[in-house]
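Enquirer: Quick one, fold the following:
(2 chains)
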Protein chains: 2
Amino acid sequence: MIQIKRLRSTDVGFNDAVEKLLAFEDAQDALIYATVSAILADIKKRGDKALLEYTLRFDHLDATAVAELELPHDRLQESLRKLPVERRDALEYAARRVRAYHEKQLLQSWSYTEPDGTLLGQKITPLDRVGLYVPGGKASYPSSVLMNAIPAKVAGVSELIMVVPTPGGDTNDLVLAAAAICGVDRVFTVGGAQAVGALAYGTQTVPRVDKIVGPGNAYVAAAKRCVFGIVGIDMLAGPSEILVICDGKTNPDWIAMDLFSQAEHDELAQAILLSPDARFIDDVATSIARQLEAMPRKTVIRASLENRGALIQVRDLDDACAIANRIAPEHLELSVGQPEKWLDKIRHAGAIFLGRHTSEALGDYCAGPNHVLPTSRTARFSSPLGVYDFQKRSSIIQVSESGSAELGKIASILARGEGLQAHAMSAEYRFMNLTERND
Amino acid sequence: MIQIKRLRSTDVGFNDAVEKLLAFEDAQDALIYATVSAILADIKKRGDKALLEYTLRFDHLDATAVAELELPHDRLQESLRKLPVERRDALEYAARRVRAYHEKQLLQSWSYTEPDGTLLGQKITPLDRVGLYVPGGKASYPSSVLMNAIPAKVAGVSELIMVVPTPGGDTNDLVLAAAAICGVDRVFTVGGAQAVGALAYGTQTVPRVDKIVGPGNAYVAAAKRCVFGIVGIDMLAGPSEILVICDGKTNPDWIAMDLFSQAEHDELAQAILLSPDARFIDDVATSIARQLEAMPRKTVIRASLENRGALIQVRDLDDACAIANRIAPEHLELSVGQPEKWLDKIRHAGAIFLGRHTSEALGDYCAGPNHVLPTSRTARFSSPLGVYDFQKRSSIIQVSESGSAELGKIASILARGEGLQAHAMSAEYRFMNLTERND
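Expert: Model (predicted):
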């Protein structure tokens, strides 16, 4: 029998119980930090040579030049051709929908002119070159390649470089096929902190990128944290989470399976149900117990639900929304009648799935929005991965001659107030009676 | 006589010379990291008690409760009243312009409905609570308070908490007056890594925030890097930079003063001129030598220009734009005729100042755009601080009944391909012939 925590929001100590349930902090281990720092410094200093050595040591992949670790385009296309037709069609269908949604995210430049002729604006440009980290092994999913690569390409990134460790030379055809579909420009079979270092600093063979995105293990995450500032990085992902709010009128088997779909990712994944209906919660618990045994990943699901899952009885749906905002979940299902009525009350969530038919799994693969979402309550301050992560802004300021007199006086007063005389004079020169070499 | 590096873009080894000139890396000192980690862990564990101890140790400020370190609203208003009228008016004028520009940056929610009734969208919400770090001492500017606080307030952040160290109890009236103008909600006179820790974890008295912005010294920067992920952080700022592109027809005194205005910030600040006109470069060099002696901050200006400045002769303005993109400067002046002609060629810069009358100093104070800009070539991948830094997105997915059949089949194929059976079944349940409890 599986034991899942049962809580009631009216219980004394409920808030503390929730905090305890959610407690998870990205391990910032001093030993990992020291190891990663040393690898990064070495890659920065010795480039290709160091990259080859670490790849031999950690991935048991022996090459005499980094060029041998680059996969040619033909290799990606071959992986795509080898894919069963049904799976290839599904992947391409998903890619089309993801592309269509992300095209709506494109930021546009804007500007406006003031009465005195001064023009102000914001110019949007894509990043030049982006690195995409794809993990080797069990956490390596073709859908993740789609979700990371497509927004970059929609943004207009001209060169997208994927790195993927292939321990012992084992490549993952699904991942390579996804790279082919997305138009990834180059692929190197390197991984770990050494791959992050190669992308951040550049080596003789691997070009330096402007930003690194994609999930990885604790070493990869630590390496990204270290190179943040030299290149851009995406968020640091924690275990996946789902919070389901249900009014008690959805089929309990559906809800149980939604909780499973999150729990099966990882023993640290978190699946929580909020419902005002105690009998419904019993039904879901019964369904969980009944369905669990048939699941291929039942061991992972059990560990996840027993350690980090919870079934919580709330006062009403308002109470549920307030708790959801406190939790700021990665995925939030509003499995209720008239879900749009409750949408306004939700302030913090990575993705919100409305209605009984919108299972979270659709969002993982093909609904269109990104499945790279803020975890560990970071939806309080961050957003799904998107096209905007691969675009940036430059401010545009063109002050007219008369504008330079009005603004110059203000700037001069404030600059002198801050003790910055050159700032003041550089503003004053524009409106004081000085010779200007006009063309 | 001042010695500034002279380079020509046609010289052999020019690219290497530029790389050397720009070389600057945020020091990630292991000792600083260890110190900061220990302080953060202590604040997390002991809260107020630890915050009081560090404030006594580092700022020589003795208090028995953190509440004593909070400045009441009256204190901020009093600082505003004490301000000379001219300066107060200038600060309020600047605040109005900064607000007007930033209001144009507000992101809006959007959604669209597909033919089968499936709705997709993106919902925008402000952050709930933001921490603003303001340094004590020489780098503490009222204009910085405006530039950090106004975008947060325009975004709709409901609680903005400022921390500012006041070593020995010395408060800065200008900074407090700026806080009053911007509507900062609470101010604590704490600083350093301990203030960052208090904001990130919360203490008994200081509420936990969702994001921390604002400049600080190496300890503050290291602390922000450590808490990144627990809270959001803004970029990690390096020394300030200006790159001036001039066709040789602007008054050389103006250009010299523009270079000074950057150089006077800091001995590590960087000021570079690109011009195709060798005689003009001579004129600017002469003007620099002539004007330097009269500058109150001449020692800083001299050190900055001699160590990190350069006057570079380029082939033509196209060449200048290409070099500017490589440098990706924080501030870029296009001091040329018809500057809008060249704007399209600029891909990487924090802020672009067009035309001879647009001195960079106007942007620092009152033009409207933010003066918190990406430094150290990070304009390759990051943007000025803006309203968008205080808003976040949630994906919205509402799949119709018929949509759940079409999308569910695709999700099922892809999920089974990835070995995630619960994902597949949770999608399948929605379109297989199962009992649904409808309301």
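Enquirer: Please read off the pLDDT at residue A:136 from the model.
Expert: On pLDDT, residue A:136 comes in at 86.
Enquirer: Not counting sequence-adjacent ones, nearest residue to it?
Expert: Leaving out its chain neighbours, the residue that sits closest to residue A:136 by C-beta to C-beta, 6 or more residues apart in numbering or on different chains is residue A:165, at 4.0 Å. (C-beta placed from N, C-alpha, C; glycine too.)
Enquirer: Quick one, grab the pLDDT at the one you found.
Expert: 96.
Enquirer: Now do the strands in the stretch 201-350 of chain A.
Expert: A:211-213, A:232-233, A:241-246, A:270-275, A:310-313, A:331-335 (DSSP state E, counting those that start in this stretch).
Enquirer: Just send those strands back as JSON lines, with mean neighbour count too.
Expert: Written out in JSON lines, the entries for the strands of the stretch 201-350 of chain A read as follows (neighbours: other C-beta atoms under 10 Å in any protein chain shown):
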{"stretch": "strand A:211-213", "mean neighbour count": "25"}
{"stretch": "strand A:232-233", "mean neighbour count": "24"}
{"stretch": "strand A:241-246", "mean neighbour count": "27"}
{"stretch": "strand A:270-275", "mean neighbour count": "28"}
{"stretch": "strand A:310-313", "mean neighbour count": "22"}
{"stretch": "strand A:331-335", "mean neighbour count": "28"}
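Enquirer: wait, which of the ones you listed is closest to chain B?
Expert: Checking the strands of the stretch 201-350 of chain A against chain B by C-beta to the nearest C-beta gives strand A:232-233 as the closest, at 3.7 Å.
Enquirer: anything in the closest one sitting right up against chain B?
Expert: Yes - for strand A:232-233 and chain B, the contact criterion (C-beta under 8 Å from any C-beta of the partner chain) is met by residue A:232.
Enquirer: ok, that strand: who's next to it in the sheet?
Expert: strand A:211-213 (parallel) (DSSP bridges).
Enquirer: Now the partner strand: average pLDDT?
Expert: pLDDT averaged over strand A:211-213 gives 98.
Enquirer: now swap in stretch A:392-401 and tell me
Expert: 97.
Enquirer: Repeat that for stretch A:424-436.
Expert: Rounded mean pLDDT across stretch A:424-436 is 81.
Enquirer: Repeat that for stretch A:21-40.
Expert: For stretch A:21-40, the per-residue pLDDT averages 83.
Enquirer: how about it: buried residues?
Expert: A:21, A:22, A:26, A:28, A:32, A:33, A:36, A:37, A:39, A:40 (16 or more other C-beta atoms under 10 Å in any protein chain shown).
Enquirer: Run through the bridge partners of the residue lying closest to the first one once chain neighbours are set aside.
Expert: Yep, that's residue A:21 we're talking about. Among residues not flanking residue A:21 along the chain, residue A:310 sits closest, at 5.7 Å (C-beta to C-beta, 6+ apart). Residues in a beta bridge with residue A:310, per DSSP bridges, are residue A:5, residue A:272.
Enquirer: my guess is residue A:310 contacts residue A:275, does it?
Expert: No - contact criterion C-beta atoms under 8 Å: residue A:310 and residue A:275 do not qualify, at 11.5 Å.
Enquirer: surely residue A:40 meets residue A:195?
Expert: No - the criterion here is C-beta under 8 Å, and residue A:40 misses it with residue A:195 at 10.8 Å.
Enquirer: where does chain A have low pLDDT?
Expert: A:25-28, A:138-139, A:433-439 (pLDDT under 70).
Enquirer: longest helix anywhere in it?
Expert: helix A:85-103 (DSSP state H).
Enquirer: Which residues of the stretch 101-250 of chain A lie near chain B?
Expert: So the stretch 101-250 of chain A meets chain B at A:101, A:104-105, A:110, A:112, A:118-120, A:122-123, A:125, A:127-128, A:141-143, A:174, A:210-211, A:225-226, A:228-232, A:235-236, A:247, A:249-250 (C-beta under 8 Å from any C-beta).
Enquirer: care to break chain A down by domain?
Expert: Chain A breaks down into these domains under automatic domain parsing: A:5-26+A:238-367, A:30-233, A:399-438.
Enquirer: and those as CSV, adding distance to residue B:376?
Expert: Listed next are the domains of chain A as CSV, based on distance: least, C-beta to C-beta, whole Å:
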stretch, distance to residue B:376
domain A:5-26+A:238-367, 25
domain A:30-233, 7
domain A:399-438, 21
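Enquirer: Can you tell me which of the ones you listed is nearest to residue B:349?
Expert: domain A:30-233 (8.8 Å; C-beta to C-beta).
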